[in-house]
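1. Take this sequence and fold it.
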Amino acid sequence: MILKLLQGITKRTGYLLYIWQKRHSISFYILFALICLFTLEEVCYAKELPKDIEMSDTTLREVLDELEGCLGIKITVDESPKDPLNLFFQEGQSIEEVLDMLGEITNKKVKKISNHEFLLEEVQIQKEEISKEYHLHYLRSKEIYDALKDLFPDIKIANLDSRNQVIVVAEEKKIHEIDKLMEHMDIEGKQVKVHSQILDISKDLFHELGFDWLYEKPSQQKNKFSVAVLGEESVGNSGPVLGSKWNLIRQFSNATEALGLSLKLLEARQDLKITSSPSILIAHGNKGEFKITEEVIVGEKKEKKKGESTSVEPIFKEAGLILKVIPYIHQDNSVTLDISLELSDFRYRQTNHKKDWNFNSQGGSKIGRSLSTRIHVKNKEMILIGGLSRFTRRNTENKVPFLSDIPGLGYLFKSESKKDAETDMYIKIFIEVCE
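-> Residues are numbered from 1 along each chain as shown. As a prediction, the model looks like this:
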């Protein structure tokens, strides 16, 4: 080491003589100190291998530890490869040459931080990207587009909504992952057939009769056969049917059958009226909608263009029953239903003129009631929802043709009746899963 130190000072003697000749004594001492430091660094941190190095079945970290001990340097690596290394370095090879060779073997890049510190970084290889088109059969392309964007934010994806198709550009490995996902996602989904009946029931009838009598489990009915007598009802010429709760329980094993018969009994005595019976087939996760509405003119929209006559366009408002259903089918064929129900009607205004009932921008109003709920039902199970009140007014005129039109005497041959009725509206829904 002393010999190397003297050799370093000897190589820089020319600089010392030059400063001495200029008689800058302070500069001489400063330069002399720097020369000693540089020479000491060269001695401590060798630039060449002092010996041959041969290593077999060793890790990269072990190789770097050996080089650090021989060369007096520090070598940092971001990630060590797991494969074993077999290496041979010859005496006299420079630091840069040794590290470059090591970087090529381990697919790393050498970065020099200082004369005695180096960094081996992983080389990022640009992988080739490929494109693939996915033609969807059961799902909408927008759904797949959003899902892939969330799962793979770094891929390139395009949505062709009109063709129900998506195009993906990504590395081959990710394309394979997307292929597996598509096999499980784009499959034929189950559908639900929703049968519904809109029931108008006499006001507060269910409260008067009570709901408990409709059905209870047989195990809960011991020693209770004498309570909640329903009474007799006649259907056509078939005679009286079902006189008590006990008869219901004895002949029916589930609530659906008992409720179905009970509604028929109410219908027979005109306490219940079925106003409509729509049915619809809805796919899993999609929205189905029933609408039983009427439209009335509530105003006019006038528009006049230059050089043309004024055009008048009526403005309509809609009221009635709107039922929206979104089914979610589970593996056991049970169904979760998101149900939204809206019932609205018009309240008319009456003028001084007889029979002049009107709804327009100067009078009348629209009344709405709504409810929304989420329920879980089994396949082929019936549910009953509602309790929304509805007010109806009926104006009936009976008259004898021709005679009722005679001035002064016509009123003798005709009659008018008005009837106001308030009913509770219920909706009976029957769910059936289609495989």
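
2. name the helices or strands packed onto the helix or strand harbouring E97?
-> Counting by DSSP states H and E, the element that carries E97 is helix 95-106. With contacts taken as 3 or more C-beta pairs under 8 Å, 6 or more residues apart in numbering; DSSP states H and E, helix 95-106 sits against helix 60-71, strand 85-89, strand 108-114, strand 117-122. From N, CA and C alone the C-beta is placed, and that goes for glycine too.

3. ok, now with 10 Å
-> The contact analysis (3 or more C-beta pairs under 10 Å, 6 or more residues apart in numbering; DSSP states H and E) places helix 95-106 against helix 60-71, strand 74-77, strand 85-89, strand 108-114, strand 117-122.

4. got the CA coordinates for the longest one in PDB?
-> Extracted in PDB, the C-alpha atoms of helix 60-71 (Å, rounded to 0.1, in the frame of the first residue of the first chain):
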ATOM      1  CA  LEU A  60     -25.900 -12.600  -7.100                       C
ATOM      2  CA  ARG A  61     -25.600 -11.200  -3.600                       C
ATOM      3  CA  GLU A  62     -22.700 -13.500  -2.700                       C
ATOM      4  CA  VAL A  63     -20.900 -12.400  -5.900                       C
ATOM      5  CA  LEU A  64     -21.400  -8.700  -5.100                       C
ATOM      6  CA  ASP A  65     -20.100  -9.300  -1.500                       C
ATOM      7  CA  GLU A  66     -16.900 -10.900  -2.900                       C
ATOM      8  CA  LEU A  67     -16.400  -8.000  -5.400                       C
ATOM      9  CA  GLU A  68     -16.900  -5.400  -2.600                       C
ATOM     10  CA  GLY A  69     -14.300  -7.100  -0.500                       C
ATOM     11  CA  CYS A  70     -11.700  -7.200  -3.300                       C
ATOM     12  CA  LEU A  71     -12.300  -3.700  -4.800                       C
END
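
5. What does the pLDDT read for H195?
-> H195 is assigned 87 on the pLDDT scale.

6. And the helices in the protein?
-> All helices of the chain, identified by DSSP state H, fall at 2-11, 13-21, 25-44, 60-71, 95-106, 141-151, 172-185, 205-209, 245-251, 255-268.

7. if we can go back for a sec, buried residues in the helix holding E97?
-> Neighbour-count burial for helix 95-106, with 16 or more other C-beta atoms under 10 Å as criterion, is recorded at I95, V98, L99, L102, G103, T106.

8. Just the angle for that helix relative to strand 117-122, thanks.
-> Compare the direction of helix 95-106 with that of strand 117-122 by axes from the mean of the first three to the mean of the last three C-alpha atoms, to 10 degrees and you get 20 degrees.

9. pLDDT on helix 95-106, on average?
-> 83.
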